[in-house]
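> For reference, the sequence and a predicted model appear below.
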Amino acid sequence: MRNESHATVMIFGMTSTSLFSRTAVSVGLIGSLLCAAPAIAADTPATIDLLAPISNTQWNTETARHLLERAGFGGTPQQISALARMTPRQAVQQLVRYQRTPDRFTPFDDSGAHDDGLEPFASSRPAATDLAKATGKSLGVTVKPTGNRRAQQVADRYLYWLRASRLETHRLGYWWANRMLNTPRPLQEKLTLFWHGHFATSEEKVRDYRKLYAQNNTLRKHANGKFRDLLIAVAKDPAMLAYLDAGVNVKGAPNENFAREIMELFTMGVGHYSENDIKEAARAFTGWNYDKLQFVVNPGLHDDSAKTVLGQTGRFDGVQVIDILLAQPATADFIAAKLYRYFVREDLSPTMNQALGQLLRSSQYDIAAFMETVLLSQDFYSPASMATRIKPPVELLISTYKKMELRSVPGIPDFNEQTDMLGQKLFYPPNVAGWAHGRSWITPGLLLARANVIYDTVFPPIDFVAPDRTPNGLYQIVPVADKLAQGMDVTTATLPEGKTMGDMSQSMQSDRDEDFNTRLASYHAWRKAIEKVKPIPRDTAQLDLSRMLRQAACRTSAQAVDHLLQRFLSVPVSATARQQLIDLLTQDLGTDDLTHADSYMEDALRNLLHVILSMPSYQLG
């Protein structure tokens, strides 16, 4: 990805210069937009912290747009108009009670990269090869009885699975992104994304895309259901069990990782439990583990003796501890606050937090009932809430694609690389706490990166190299492959670059007798992973702004600018800013008549769109 920006903008005091357009957009235009007031009808309620529903007379295109932005990933003008024609209660219920809407999305197309011989997968490469040397077999591979590099296939196989699972996880990211883009149930995917950050697990440690896919479906299944059902399902989920070390949480030597996180991050929050509560709760979860992709309890490893957790004593198991946690007032307050800050706004008063906690408790942790009340509330449509939320990277890109009317997530540039650069790669949260939100998404550098990501979507790079066909450490692997193809022995072919046989000891100046060769294993692993794992489709964004504006009956530069601003921005621009955008398009076209420019206007329109989407105000939804 480029380091330079492609439009002239002022980003928190940093100026960047256009590489495509020769027309500069004023610093004042961009810099002023971040603080602009959202476009709200005069009769929209201005009362914050009020959970009473808005009236039918307060419902309009702008409130419908706001609902679709927050309870989904935005929408086209047609989708917004369809929602605006409903009553507010009908619109909210259609989104919240999404089980009424058929969902025929295609399941993930597994490449079949895994086989049962890989189980149980070793904790490390040394563990895999040490087991092979000690027993003669590891990861389903029998060690050669004689000869050089007898355990080579074990090392190959260990590294293969790490590479293959990573590639499949990247495919899984595309699968989910396309689901977000095309789903008829936008709130289901938005909630699944929220829960993914709440119950954060990462491929970096889980190392099994199958577990992550299963967890993703678990989050989706319970997304708007009872929080108790979701919490128990996640506690028994193989991805979570692997991520928080369930395998070493056993009777007599409890591991506190999961017990700590379920209290601190998943239910009550910091300050509502003691260290002894964690120790006691950890004993309740002893023996919980997984076998392949199934939850199991190992009775011999479970501590069935009495425990005292949050003032209650009994021979608790994990589910009973979960019920104790759910009975704490702090849990409802914590979950309600987290949902509110994600879907409404960061600022939450203690009084409102208490009211939201009571709302969640009174519904017995029914997420759909809670969300219906919040999304209908006057508070949700108040000026303090509308167009004030900084869109996280995944939402930013999916909503952009949706408003562009794309039918699939572009393969050029790479979605996973783009979101990783912006700080939110699917299935790779930074830690068990998930992603931070709000202003943490925006720094001068990240705002510049967001503009560049949009540029590479609008003007796809011609030098793109598919990362799923180009292994990490390619500079090390290609020389190995080339040298082996030239007939060199393994020791010579796998010498680090810049080293020669003369640099090595006398004992290494011929093909070495060794258990395995790690550089050779890396080459074999990548070759087999790329051979096994299906490639990600590499289409560019099928964007046709000319057609979009023809369909909108735009005939002048001013009409084109107004249509794109209305379609993409939630925050209005000033009259001066609007005029500068009109001037930018008119200068690029050489006319303000779109009919005259019809045969050549696409690139100028794309340049205009990139400038609009580079504005700080576009980050707000």
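Cool, the structure landed.

> where do the strands sit along this protein?
For the chain, applying DSSP state E gives strands covering 9-11, 14-16, 137-138, 141-142, 288-291, 294-297, 307-309, 312-314.

> Tell me which of those strands lies nearest to Thr106.
Using C-beta to C-beta as the criterion, the shortest distance between Thr106 and those is 24.5 Å, found for strand 294-297. Bear in mind the C-beta positions are built from the backbone N, C-alpha and C, glycine included.

> what sits up against that closest one?
For strand 294-297, the external contacting residues (C-beta atoms under 8 Å, 6 or more residues apart in numbering) are 236-238, 241, 287-290.

> What pairs with it, parallel or antiparallel?
Strand 294-297 sits in its sheet next to strand 288-291 (antiparallel), going by DSSP bridges.

> now what about the partner strand, what contacts it?
Applying C-beta under 8 Å, 6+ apart, the external contacts of strand 288-291 come out as 235-236, 238, 241-242, 246-247, 249, 295-298, 301-302, 318.

> filter those residues to the buried ones?
Taking 16 or more other C-beta atoms under 10 Å as the criterion, what is buried in these is 235-236, 238, 241-242, 246-247, 249, 301-302, 318.

> Ser111: which of those is nearest?
Set against Ser111, the nearest of the buried ones among the contacts of strand 288-291 by C-beta to C-beta is Pro238 (19.5 Å).

> Count residues in the vicinity of Arg207, would you?
18 (other C-beta atoms under 10 Å).

> on that earlier part again, any chance of the strands of the chain in CSV with mean pLDDT and distance to Ala177 as columns?
Formatted as CSV, the strands of the chain follow (pLDDT from 0 to 100; distance: least, C-beta to C-beta, whole Å):
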stretch, mean pLDDT, distance to Ala177
strand 9-11, 31, 26
strand 14-16, 30, 27
strand 137-138, 94, 36
strand 141-142, 94, 36
strand 288-291, 96, 27
strand 294-297, 97, 28
strand 307-309, 98, 40
strand 312-314, 98, 44
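
> Quick one, which of those strands gets closest to Lys338.
Short answer: strand 307-309, nearest of the strands of the chain by C-beta to C-beta, at 22.5 Å.

> buried residues in the closest one?
Buried positions in strand 307-309, judged by neighbour count with 16+ other C-beta under 10 Å: 307, 309.

> what residues does it touch?
276-277, 280-281, 283-284, 313-316, 321, 324.

> Can you say which of these are buried?
277, 280-281, 283-284, 316, 321, 324.

> Name the nearest of the contacts of strand 294-297 relative to Gly112.
Closest to Gly112 out of those is Pro238 (18.8 Å), distances taken as C-beta to C-beta.

> Ala306 - how many residues pack around it?
So Ala306, with other C-beta under 10 Å, has 11 neighbours.

> let's have the chain start at 7 instead
Noted, 7 is the first residue going forward, which turns the last one into Ala312.

> need the contact list for the nearest residue to it once chain neighbours are set aside.
Excluding its sequence neighbours, the residue lying closest to Ala312 (C-beta to C-beta, 6 or more residues apart in numbering) is Arg321, at 5.5 Å. Neighbour list for Arg321: 310-313 [criterion: C-beta under 8 Å, 6+ apart].

> returning to what we had before: check the contacts of strand 300-303 and tell me the two furthest apart.
Asp243 and Gly293 (15.9 Å).

> Let me know the distance separating Thr198 from Gln221.
10 Å (C-beta to C-beta, to the nearest Å).

> Sorry, slip of the keys, the one I care about is Leu600.
Leu600 is 49 Å from Gln221, by C-beta to C-beta.

> swap in Gly429?
Distance from Gly429 to Gln221, by C-beta to C-beta: 21 Å.

> more neighbours, those two?
Gln221 (24 against 17).

> quick one, what contacts the spatially closest residue to that one that is not a sequence neighbour?
Spatial nearest neighbour of Gln221, excluding adjacent residues (C-beta to C-beta, 6+ apart): Ala245 at 4.1 Å. Ala245 makes contact with 207, 212, 214, 217-218, 220-221 under the criterion C-beta under 8 Å, 6+ apart.

> Just these: which are in helices?
Residues of the contacts of Ala245 located in helices (DSSP state H): 212, 217-218, 220-221.

> For those, give me CSV that also has pLDDT and distance to Glu262.
Below are the ones in helices among the contacts of Ala245 laid out as CSV (pLDDT from 0 to 100; distance: C-beta to C-beta, whole Å):
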residue, pLDDT, distance to Glu262
Val212, 98, 19
Lys217, 98, 22
Leu218, 98, 24
Ala220, 98, 25
Gln221, 98, 22
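
> Surely Ala206 is in contact with Ala442?
No. Ala206 lies out of contact with Ala442 (C-beta atoms under 8 Å); the separation is 11.4 Å.

> Comparing these two, which residue is more hemmed in?
Legend: neighbour count by other C-beta under 10 Å for Ala206 and Ala442, higher for Ala206 (21 against 12).

> So for that one, what pLDDT did the model give?
Here the pLDDT value assigned to Ala206 is 98.

> Who are the contact partners of it?
Ala206 neighbours (C-beta under 8 Å, 6+ apart): 435, 437-441.

> please redo it, this time with the cut-off set to 7 Å
435, 437-440 (C-beta atoms under 7 Å, 6 or more residues apart in numbering).

> Please apply the same query to Gly627.
Counted by C-beta under 7 Å, 6+ apart, Gly627 has contacts 75, 80, 393, 395, 397, 405, 576.

> With Ile618 instead?
Applying C-beta under 7 Å, 6+ apart to Ile618 gives the contacts 570-571, 574-575, 587, 624.
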